[in-house]
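**Q** build me a structure from this.
(one chain, ligands or ions: 1)
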Amino acid sequence: MSDEIKKGLLGIVVDETTISQVMPDINSLTYRGYAVQDLCEKCNFEEVAYLVLNGDLPKKNQLKKFKKQLEENRNITVNLREIVKHMPKKSHPMDVARTVVSVLGLEDKETDNNSPQANMRKTIRIFAKTPTAIAAFFRARKGKKIITPKKKLSFSENFFHMCFGKVPSKEIVKAFDVSLILYAEHSFNVSTFTARTITSSLSDIHGAITGAIASLKGPLHGGANEEVMHMMNKIKSPINAYKWINNALDKKEVVMGFGHRVYKKGDSRVPTMEKYFKKVAEINKDKKFKKIYDIVKKVMIDKKNIHPNVDYPTGPTYHLMGFDTDFFTPIFVISRITGWAAHIMEQHAANKLIRPLSKYSGPEHRKVMLLNQR
Ligand code: COA
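**A** Next up is the predicted model:
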C-alpha cells in the first residue's frame, strides 16, 4: 500500500456515480447524461430535480404527481415555525438551515428507516419543507409576518412568495430557476462527499444533509456566493474595480468566486448563469454590478488565468433579485438538497464505510509517567 499523501484527496477517484459527470477538459457538465445548459433552456427546476432524484426526465403525469407531492409537503409544523421564529436574529441563515434540517429529522416518523422507499419519501419532505423554514427566517428576523406557502405556485415562484409576499416577472423567476438548476448537483464536491461519508456509516438522510449544509457554508465552497457580494460591495463602484482587484492580487488575496478544484479552464455553469445575470441586470437597469463583474473577471483571467466559478454570477444576481446577502448560500441549499439526496441514496445502495488512512507524524512512543512524576 502506497503511503503517498494526497492532501485534499487531490485527483483521487473514490467511487462511481451515475448522477452527474464533470468534464473539465471540454468544459461540460451533465446530469444523468443531459447537458446542464440544455436542461436550463428546456426544463424547469422541478423537472431537473425529478431527473437528479430518479434518473430520468419526468413524463407529464410523473411531473404532475411530483409537483403535487412537493406542494402537499410545503407546510412546516407549528413547532418548527416557532423554533425558527425564536432563533437569535443574528444567526447566520446557513446555521438556521442546518438546524432546520436537524429538527425535520426529529419530527420525521421515518428518520431511522433507510430503505430506498423511505429515503425518497424523506427526500420529498426535506426538499419541500426546507425552503419554507428558510423563508420564514428571512422574514421573522426582520420582524415581518411569516408567509405560508402557496400550492399552485412553482418551486421558485413559491420561494419568492414566501420571502417577499409577491412573485416577480417571468424573466426573474426563470433566472432564479436556472440558478437552482445549475446548483442542483456537481459530483463529489466537498458537501456531497460529506453527505456520502456520513451515510457510509449507515446513518440517516437528515443527518447526512445536516452535515452537508455545514460543509457548504464554508467560503471555499457554497459560502463563496455570499463572499462575492461582500467583495462587490467593498469595490463600491466600477471606477474602483481595476485598482481594487489589482491590489488584492498584489497582496496575494484569494478572490472569491474564482478558481475551482476540478475546472481549470473555466466552470461549465458560468456562461449560462452569466447570461441570466446580465438579463436580470438589464431588467433592474443595473450597470454598476455588471461593470464591476466584467472588470474583475477580465483582470483575473488576464493576470492570473483563473476563471470565475458559478458563485461569481449568482452572487450579484441574487442581490438584484432582492435577497439579503447572507441568504445566498441557503438558496444554494434548497437546490442542492436534490443532489445530496441522490448521492445519499446511491451510497446506501452500494455502501462501503468510508475510512481513509493517515500517516502518523506525531511524537514517537512515549512512556506514561504518573501525575506526581511529570
Ligand atoms: N484567487 C486568487 N488566487 C487563486 C484563486 C482565487 N480565487 N484560486 C486559486 N488561486 C491560486 C492559488 O493561490 C494557487 O496559487 P499558487 O500556485 O501560486 O499557490 C493556485 O491558484 C492554485 O490554487 P489552489 O488553491 O491550489 O487550487 P485548489 O484546487 O486547491 O482550490 C478553490 C480551489 C476553489 C479552493 C480555490 O480556487 C479558491 O479558494 N477559490 C475561491 C473560493 C471559491 O470561489 N470557492 C467556490 C468554488 S466553486
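
**Q** give me the low-pLDDT residue ranges for the chain?
**A** Within the chain, the ranges that satisfy pLDDT under 70 run 1.

**Q** quick check, central residue of this structure?
**A** F332 (3.2 Å; Cα atoms, centre = their mean).

**Q** leaving out chain neighbours, which residue sits closest to the closest residue to the ligand within the stretch 51-200 of the chain?
**A** Nearest residue of the stretch 51-200 of the chain to the ligand: N189, at 7.6 Å (Cβ to the nearest ligand atom). Placement of C-beta: from N, CA and C, glycine included. For N189, ignoring the flanking residues on the chain, the nearest one in space by Cβ to Cβ, 6 or more residues apart in numbering is H221 at 6.9 Å.

**Q** what residues does the residue of the stretch 251-374 of the chain found nearest the ligand make contact with?
**A** Ranked by Cβ to the nearest ligand atom, the top residue of the stretch 251-374 of the chain for proximity to the ligand is G259, at 2.2 Å. By Cβ atoms under 8 Å, 6 or more residues apart in numbering, the contact set of G259 is 306-307, 309.

**Q** who in the stretch 251-374 of the chain is up against the ligand?
**A** By the rule Cβ under 6 Å from any ligand atom, the part of the stretch 251-374 of the chain lying against the ligand is 254-261, 306, 309, 311.

**Q** show me what counts as buried in the helix or strand harbouring the residue nearest to the centre of the chain.
**A** Using DSSP states H and E, F332 maps to helix 328-349. Residues of helix 328-349 classed as buried: 328-348 (neighbour count, 16 or more other Cβ atoms under 10 Å).

**Q** and E41, how many residues sit next to it?
**A** Residues lying near E41 (other Cβ atoms under 10 Å) number 12.

**Q** please read the previous query as pertaining to S169.
**A** 9.

**Q** list the contacts of it.
**A** I283.

**Q** try the one 3 residues further on
**A** Taking Cβ under 8 Å, 6+ apart as the criterion, I172 is in contact with 160, 280, 283, 321.

**Q** buried stuff in stretch 50-63?
**A** 50-53, 57-58, 63.

**Q** and the ligand, which of the residues you listed reach it?
**A** Within the buried residues of stretch 50-63, nothing lies near the ligand by Cβ under 6 Å from any ligand atom.

**Q** could I get those as a markdown table with secondary structure?
**A** Converted to a markdown table, these look like this (DSSP: H, G, I helix; E, B strand; the rest coil):
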| residue | secondary structure |
| --- | --- |
| Y50 | helix |
| L51 | helix |
| V52 | helix |
| L53 | helix |
| L57 | coil |
| P58 | coil |
| L63 | helix |
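
**Q** right, and V262 touches V22 too?
**A** Yes: if you go by Cβ atoms under 8 Å, V262 and V22 touch, sitting 5.4 Å apart.

**Q** looking at the two, which is more packed in?
**A** Taking neighbours as other Cβ under 10 Å, V262 and V22 compare with V22 leading, 21 against 16.

**Q** ok, that one - contacts?
**A** 29, 186-187, 262-263, 268.

**Q** rerun at 10 Å
**A** 28-30, 36, 185-189, 260-263, 267-269 (Cβ atoms under 10 Å, 6 or more residues apart in numbering).

**Q** beta partners of it?
**A** L29 (DSSP bridges).

**Q** can you give me the helices for the stretch 1-150 of the chain?
**A** Ranges of helices in the stretch 1-150 of the chain, per DSSP state H, counting those that start in this stretch, are 36-42, 45-54, 60-72, 78-85, 93-107, 116-140.

**Q** buried residues, the last one. List them.
**A** Neighbour-count burial for helix 116-140, with 16+ other Cβ under 10 Å as criterion, is recorded at 118-119, 121-140.

**Q** and for stretch 243-263?
**A** The neighbour-count check on stretch 243-263 (16+ other Cβ under 10 Å) flags 244-245, 248, 255-263 as buried.

**Q** these: which two are farthest apart?
**A** Greatest spatial distance among the buried residues of stretch 243-263 (Cβ to Cβ): W244 and V262, at 28.0 Å.

**Q** how near is the residue nearest to M273 when sequence neighbours are not counted to R139?
**A** Distances taken as Cβ to Cβ, 6+ apart place P313 nearest to M273, at 4.1 Å, with adjacent residues excluded. Going from P313 to R139 by Cβ to Cβ, to the nearest Å gives 26 Å.

**Q** with S200 instead?
**A** Here the criterion is Cβ to Cβ. By it, S200 lies 38 Å from R139.

**Q** give me the neighbour count for K145.
**A** 8.

**Q** distance of it from I181?
**A** For K145, the distance to I181 - Cβ to Cβ - is 31 Å.

**Q** report the two of the residues of the stretch 251-374 of the chain next to the ligand separated the most.
**A** It's V255 and R261 that sit farthest apart of these, by Cβ to Cβ, at 15.6 Å.

**Q** quick check: N240 touching I292?
**A** Yes: at 8.5 Å, N240 counts as touching I292 under the criterion of Cβ atoms under 10 Å.

**Q** neighbour count: these two, which is higher?
**A** I292 (23 against 14).

**Q** how far is whatever helix or strand that one lives in from where the chain is centred?
**A** Assessed by DSSP H and E, I292 sits inside helix 288-299. The chain centroid and the centroid of helix 288-299 are separated by 24 Å under Cα atoms, centre = their mean, to the nearest Å.

**Q** send the alpha carbons of it over as PDB?
**A** What follows is helix 288-299, C-alpha atoms only, in PDB (Å, rounded to 0.1, in the frame of the first residue of the first chain):
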ATOM      1  CA  LYS A 288     -22.800  49.100 -11.600                       C
ATOM      2  CA  PHE A 289     -22.600  45.400 -10.800                       C
ATOM      3  CA  LYS A 290     -22.400  44.400 -14.400                       C
ATOM      4  CA  LYS A 291     -19.400  46.600 -15.000                       C
ATOM      5  CA  ILE A 292     -17.700  45.500 -11.700                       C
ATOM      6  CA  TYR A 293     -18.400  41.900 -12.800                       C
ATOM      7  CA  ASP A 294     -16.700  42.400 -16.200                       C
ATOM      8  CA  ILE A 295     -13.700  44.300 -14.900                       C
ATOM      9  CA  VAL A 296     -12.800  41.800 -12.100                       C
ATOM     10  CA  LYS A 297     -13.300  38.800 -14.400                       C
ATOM     11  CA  LYS A 298     -11.100  40.300 -17.100                       C
ATOM     12  CA  VAL A 299      -8.200  41.100 -14.700                       C
END
